[in-house]
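[1] just to be clear, the model below is a prediction. Sequence and coordinates:
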Amino acid sequence: HGRPIRYGYTERDQPLSAYQSVFAVPDAEGHGSAEMPSAARPFTERLVARLVSRGVQIAPVSLHTGVASGETHEPPYPERFAVPPSTAWLVNAARAGGGRIVAVGTTAVRALETAADPARGGGGRTAEPGGGAVRAAAGWTDLVVTPERGVRVVDGLLTGLHEPEASHLLMLAALAGEELLCSSYTEAIEQGYLWHEFGDVHLILPH
């Protein structure tokens with residue numbers, strides 16, 4: 001009922017297939033995202049195959065993306081998620097072996113950080129002492145990642161460019177720091193990058 005959200009810089013409505021990433025799968029219970037998880041749009045089957053051939057492991061999580069906040073400092077809506085046992089194992093093994101965890105999209109960060117949070121990690125599950133161990137978890141997350149909270153699991157993030165004063169910028173600041181975030185956004189504005197949805201994405205890999 002209705003039509004997908006469309007940003008002003010796009011010329012026309014797109015078919016529903018354009019809002020699906022290469023990682024999208026049908027949900028047995030008929031649930032789905034309210035808005036496109038746009039950070040994954042640049043991925044194609046060929047690109048995924050190239051990444052895997054170079055040793056990059058891809059660990060799936062289920063995300064039912066909510067509507068991105070358009071109001072100043074409005075927190076993001078709760079989102080339904082599931083981190084399966086196999087993904088929890090892969091993430092923990094990669095971290096134990098000195099690897100990096102790079103999330104694709106802010107919703108993936110919320111899911112992984114919730115699954116590692118002893119206060120939120122799905123029905124009473126607890127993280128390892130010191131925090132950061134991911135457990136299998138499912139449910140709804142209302143977690144807002146801020147610089148004060150920090151991140152416990154994710155080392156990098158591939159994400160779209162978010163509107164000024166959007167709450168997701170707090171998450172980016174937690175990962176990148178204010179200085180790197182400000183310089184990257186200044187460059188994006190000067191170069192005419194497009195925001196969100198069918199816009200551009202950038203990879204944040206802090207030192």
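    Cool, got the structure.

[2] please state the offset of the helix or strand bottoming out on mean pLDDT in the chain from the chain centre?
    Within the chain, no helix or strand scores below strand 62-64, which has a mean of 83 by mean pLDDT, DSSP states H and E. Remark: strand 62-64 is offset 10 Å from the chain centroid, using C-alpha atoms, centre = their mean, to the nearest Å.

[3] what's near enough to touch S38?
    G105, G160, H196, E197, F198, G199, V201 (C-beta atoms under 8 Å, 6 or more residues apart in numbering). All C-beta spots, glycine's among them, are computed from the backbone N, C-alpha and C.

[4] mind listing the strands for this protein?
    62-64, 79-83, 102-104, 137-141, 156-160, 201-204 (DSSP state E).

[5] nearest to Y185, of these?
    Among those, the nearest to Y185 by C-beta to C-beta is strand 201-204 (9.2 Å).

[6] helices or strands up against that closest one?
    strand 156-160, helix 168-176, helix 178-190 (3 or more C-beta pairs under 8 Å, 6 or more residues apart in numbering; DSSP states H and E).

[7] can you rerun that using 7 Å?
    strand 156-160, helix 168-176 (3 or more C-beta pairs under 7 Å, 6 or more residues apart in numbering; DSSP states H and E).

[8] circling back to that earlier point, what strands line up against the least confident helix or strand of the chain, and which way round?
    strand 79-83 (antiparallel) (DSSP bridges).

[9] quick one: work out the angle between the partner strand and strand 137-141.
    160 degrees (axes from the mean of the first three to the mean of the last three C-alpha atoms, to 10 degrees).

[10] now do strand 79-83: distance to the chain's middle.
    With C-alpha atoms, centre = their mean as the basis, the mean position of strand 79-83 lies at 11 Å from the chain mean.

[11] of the contacts of S38, closest to R149?
    Nearest member of the contacts of S38 to R149, counting by C-beta to C-beta, is G105, at 18.4 Å.

[12] surely that closest one touches P42?
    No - using C-beta atoms under 7 Å, G105 is not in contact with P42; the gap is 11.4 Å.

[13] neighbour count for those two, which is higher?
    G105 (23 against 13; other C-beta atoms under 10 Å).

[14] residues in contact with the more buried one?
    P37, A39, A40, T159 (C-beta atoms under 7 Å, 6 or more residues apart in numbering).

[15] and those residues, which is closest to V144?
    T159 (15.4 Å).

[16] so how many other residues sit close to the closest residue to that closest one other than its chain neighbours?
    Of all residues not flanking T159 in the chain, A39 sits nearest, at 5.0 Å (C-beta to C-beta, 6 or more residues apart in numbering). A39: 23 surrounding residues under other C-beta under 10 Å.

[17] my guess is A39 contacts H162. True?
    No - using C-beta under 7 Å, A39 makes no contact with H162, being 10.7 Å away.

[18] intersection of neighbour lists for those two?
    By C-beta under 7 Å, 6+ apart, no residue touches both A39 and H162.

[19] need the pLDDT of T65.
    Per-residue confidence (pLDDT) for T65: 78.

[20] OK, contacts around it?
    S33, A34, E35, P37, E79, T107.

[21] low-scoring stretches of the chain, by residue?
    When residues are selected by pLDDT under 70, those of the chain lie in 1, 68-74, 118-131, 164-165, 207.
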